[in-house]
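> Pasting the sequence and the predicted model now:
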Amino acid sequence: MSVRPWCVCVPARDEAARLPILLDALAAQDVPGPVPLALCVNNSRDNGAEIARRHPACTAGRIVLLLDECTLPADAAHVGTARGRAMDAGLRLVGDDGVLLATDADCRPPPTWVSATLAAIARGADLVGGRIEIDEAEPLAPDLVRIRHRLDHYWAAVRAIEDAVDPQPHDPPPRHGDHTGASLAIVGRLYRAAGGVPALSCGEDRALVAAAVALGGRLVHPPSVWTRTSPRRDGRAPGGMAAALADWQATLASRGEVMVPHLDHWRRRAAWRAASRPTLGAALATHEAALPPMPCDTALT
């Protein structure tokens, strides 16, 4: 079986402390040959770019580094622009038939991350989301661990409802539900057709996925594809893991409850999708985005 050309694409800003961990993990991937990496280091106040250049895996050729060191204007100095520059550079390298594998500078993917992702593409996927795990090498307060476990149980229940009411043959169970910039692959042709990464200060990854799915892209969530992300509190973009952890900590401090939509809302939403899919087709996600948000009316237990 021939392997499509591929490239890992990463935005980074003030990540001198984290980049060696990511680069070590990429060098340890169980794939033969060099690991192509398009790295956009933007508006950094540290020496992250130099650290990447001098990393042993880069100097030895295990990682082939395509470094874009830039200073973006204030209104564009955010993750949407930086991720877009990295993925655009990757696309220029691999072309429309290639695969772009997005991750973040504070991630530590396991050795199987690239190979498992490419295997999912070879099975017919156009987009591959990877499950996000908290990096076990970094401490996390027990109360926050418990919230994360409860959320995992909740989302598993949501997926069970979806798989029973509105099953998708291309994305069968068992599956997870994550498709964020920490672990997201997309074929080059679909990336180009979707318009690339939108220049949003947050949510650029979800917007790219939505645009690609609206074009008919087949999004899958195989359990074999996953990565680790840091539980740090000083995140680089709003709306990420750091923001979620801060929200959970604030809720605990105020003795409040983490609130989520009742599962009945998901049952009704899955039924709506099943009834609407034959008519709307690939436009289903666009129509769903226009629906009123579900109320968070149930305490997470």
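Ah, there it is.
> Please name the nearest non-neighbouring residue to residue 162.
residue 270 (5.0 Å; C-beta to C-beta, 6 or more residues apart in numbering). Every C-beta, even on glycine, is put in place using the N, C-alpha and C of the backbone.
> Roughly how far does the one you found sit from residue 159?
Noted for residue 270: a distance of 10 Å to residue 159, by C-beta to C-beta, to the nearest Å.
> what do you get for residue 199?
31 Å.
> try residue 211
23 Å.
> which ones are touching residue 251?
257-258 (C-beta atoms under 8 Å, 6 or more residues apart in numbering).
> distance of it from residue 34?
As for residue 251, its distance to residue 34 is 45 Å (criterion: C-beta to C-beta).
> ranges for the helices of the stretch 51-200 of the chain?
56-59, 79-94, 113-122, 142-165, 188-193 (DSSP state H, counting those that start in this stretch).
> Quick one: residues in contact with the longest one.
Identification of contacts with helix 142-165 by C-beta under 8 Å, 6+ apart yields 134, 140, 172-173, 175-177, 231, 245, 248-249, 252, 258, 260, 263, 266-267, 270-271, 273-274, 300-301.
> Could I have the ChimeraX command that selects the buried members from those?
Filtering the contacts of helix 142-165 down to the buried ones (16 or more other C-beta atoms under 10 Å) takes a single ChimeraX command:
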select :134,175,176,231,245,248,252,258,260,266,270,273,300
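> follow-up on the earlier one: next, the angle from the host helix or strand of the residue nearest to residue 162 to helix 142-165.
Applying DSSP states H and E as the criterion places residue 270 in helix 263-280. Interaxial angle of helix 263-280 relative to helix 142-165 (axes from the mean of the first three to the mean of the last three C-alpha atoms, to 10 degrees): 40 degrees.
> now for whatever helix or strand comes next after helix 263-280, which elements pack on it?
Toward the C-terminus, helix 263-280 is succeeded by helix 284-289 as the next helix or strand (DSSP H and E). On a contact count with 3 or more C-beta pairs under 8 Å, 6 or more residues apart in numbering; DSSP states H and E, helix 284-289 meets helix 204-214, helix 263-280.
> what sits up against helix 284-289?
210, 213-214, 269, 272-273, 276-277, 280.
> ok, back up a step: contacting residues for the residue nearest to residue 162?
161-162, 164-166.
> quick check, nearest of these to residue 12?
For those, the minimum distance to residue 12 (C-beta to C-beta) is 34.5 Å, reached by residue 162.
> Look at residue 100 and say how many residues are nearby.
Neighbour count of residue 100, defined by other C-beta atoms under 10 Å: 26.
> Tabulate the CA atom coordinates of stretch 215-230 in PDB.
In PDB, the C-alpha atoms belonging to stretch 215-230 read as follows (Å, rounded to 0.1, in the frame of the first residue of the first chain):
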ATOM      1  CA  LEU A 215     -18.400  19.900   1.500                       C
ATOM      2  CA  GLY A 216     -19.000  16.200   2.100                       C
ATOM      3  CA  GLY A 217     -15.800  15.400   4.000                       C
ATOM      4  CA  ARG A 218     -15.900  12.100   5.900                       C
ATOM      5  CA  LEU A 219     -14.900  12.900   9.500                       C
ATOM      6  CA  VAL A 220     -13.800   9.900  11.700                       C
ATOM      7  CA  HIS A 221     -12.800   9.500  15.300                       C
ATOM      8  CA  PRO A 222     -11.000   6.100  15.700                       C
ATOM      9  CA  PRO A 223      -9.900   5.300  19.200                       C
ATOM     10  CA  SER A 224      -6.400   4.400  17.800                       C
ATOM     11  CA  VAL A 225      -5.700   8.100  17.200                       C
ATOM     12  CA  TRP A 226      -5.000  10.200  20.200                       C
ATOM     13  CA  THR A 227      -2.600  12.600  21.800                       C
ATOM     14  CA  ARG A 228      -1.700  14.100  25.100                       C
ATOM     15  CA  THR A 229      -2.000  17.800  25.900                       C
ATOM     16  CA  SER A 230      -0.500  19.800  28.800                       C
END
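> For that stretch, buried residues please.
217-222, 225-230.
> do stretch 11-24 as well
Neighbour-count burial for stretch 11-24 [16+ other C-beta under 10 Å]: 11-16, 18-23.
> Inside strands: which ones of these?
Within the buried residues of stretch 11-24, residues falling in strands by DSSP state E are 11-12.
> Geometric centre of the chain: which residue is closest?
Per C-alpha atoms, centre = their mean, the C-alpha nearest to the average position across the chain is that of residue 180, at 2.2 Å.
> Can you tell me the closest non-neighbouring residue to that residue?
That would be residue 205: by C-beta to C-beta, 6+ apart, it lies 5.0 Å from residue 180.
> tell me which helix or strand of this structure sits lowest on mean pLDDT?
Least confident helix or strand, the chain: helix 241-253 with a mean of 80, by mean pLDDT, DSSP states H and E.
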